[in-house]
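Asker: Output the structure for:
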Amino acid sequence: MTVTILITRPEPAATRFADQLGARLGDKVVILRAPLMRIDYGGALPDIGGDDVLVFTSRHGVAGFCRLTERRDFTCYAVGDATAEAARRAGLRAISAGGDADALLARIAADGVEGPFLHLRGEHVASDISGGLRQQVRIAKEAVVYRQVDMPLSDQAQALLAKEAPVIVPLMSPRSAQAFFERARGAVAPILVAAISSNAADAVPAGQAQLVEIAQTPDADGVLIVICDLVKRLEGLNPAK
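Answerer: Alright, predicted model coming up:
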């Protein structure tokens with residue numbers, strides 16, 4: 001049985017993730033990209049001093065910041081390795097927390113960095129980073145540098161979900177989980193979720209997914225591992241004749 005994976009991430013992340021899956025799984029899977037959001041960059045930056053420390057919780061935050069200024073003379077903290085690498089490629093000095101929002105706040109606290117901090121973020125966020133920093137008695141502000149604009153579920157994706165074959169759906173945030181299941185109402189296909197975090201898993205409506213598995217690490221690599229495991233399980237249920 002050929003397993004289908006439905007990727008709902010915004011572009012270019014959807015294509016990047018599809019390429020990673022293809023490299024790992026080859027022709028064992030069919031991959032359909034159907035982004036449920038698009039990224040619109042914009043906004044304005046506050047006055048930034050030379051001692052400000054930037055905080056990024058996504059690659060989009062890095063891209064949005066770089067579109068608004070040519071300055072690269074900052075140190076920044078990034079939620080994970082991929083975001084840190086994007087910041088380094090842009091010319092910023094980046095420190096990776098290697099995890100999620102809690103790990104990011106913990107790393108900043110452990111390093112004893114006083115700030116002030118500026119969180120470059122999207123219009124919608126899963127965690128209040130600035131609030132968490134202020135709880136640590138640090139000066140923190142934030143700037144919205146991109147918007148996540150909702151998109152409808154594609155006709156191809158709707159046709160896929162109307163069939164009886166199982167579909168693996170990676171979900172990278174609580175908001176993406178909510179958006180997908182709002183648009184997938186009435187789906188016939190058994191849906192197997194590969195969730196990036198427990199927060200994303202908790203956003204899956206009760207009874208709407210046949211299985212929800214949470215990544216051991218809250219990043220794309222962790223989700224890839226879950227997807228590979230789900231593919232093996234489905235192949236085991238339907239061995240080649």
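
Asker: what does the helix or strand where Leu104 lies contact?
Answerer: Following DSSP states H and E, one finds Leu104 within helix 101-111. The contact list for helix 101-111 (C-beta atoms under 8 Å, 6 or more residues apart in numbering) reads 55, 57, 77-79, 95, 97-98, 117, 126-127, 129, 132-133, 136, 138. Glycine gets a C-beta too; all of them are placed from N, C-alpha and C.

Asker: go on, stretch 153-168?
Answerer: 1, 3-6, 8, 32, 34, 36, 180, 183-184, 187-194, 210, 227, 230-231, 234.

Asker: Take the residues you listed and, keeping just the buried ones, write it as a ChimeraX select command.
Answerer: Here is the ChimeraX command that picks out the buried ones among these, judged by 16 or more other C-beta atoms under 10 Å:
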select :3,4,5,6,8,32,34,36,180,183,184,187,189,191,192,193,194,227,230,231,234
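
Asker: Give me the subset of the contacts of stretch 153-168 lying in helices.
Answerer: 180, 183, 227, 230-231, 234 (DSSP state H).

Asker: So the protein: which segments form each domain?
Answerer: Under the assignment automatic domain parsing, the domains of the chain span 3-36+152-237, 39-148.

Asker: which other helices and strands contact the biggest strand by length in the chain?
Answerer: Determined from DSSP state E, the single longest strand within the chain is strand 140-150. The contact analysis (3 or more C-beta pairs under 8 Å, 6 or more residues apart in numbering; DSSP states H and E) places strand 140-150 against strand 37-41, helix 59-68, strand 117-122, helix 129-135.
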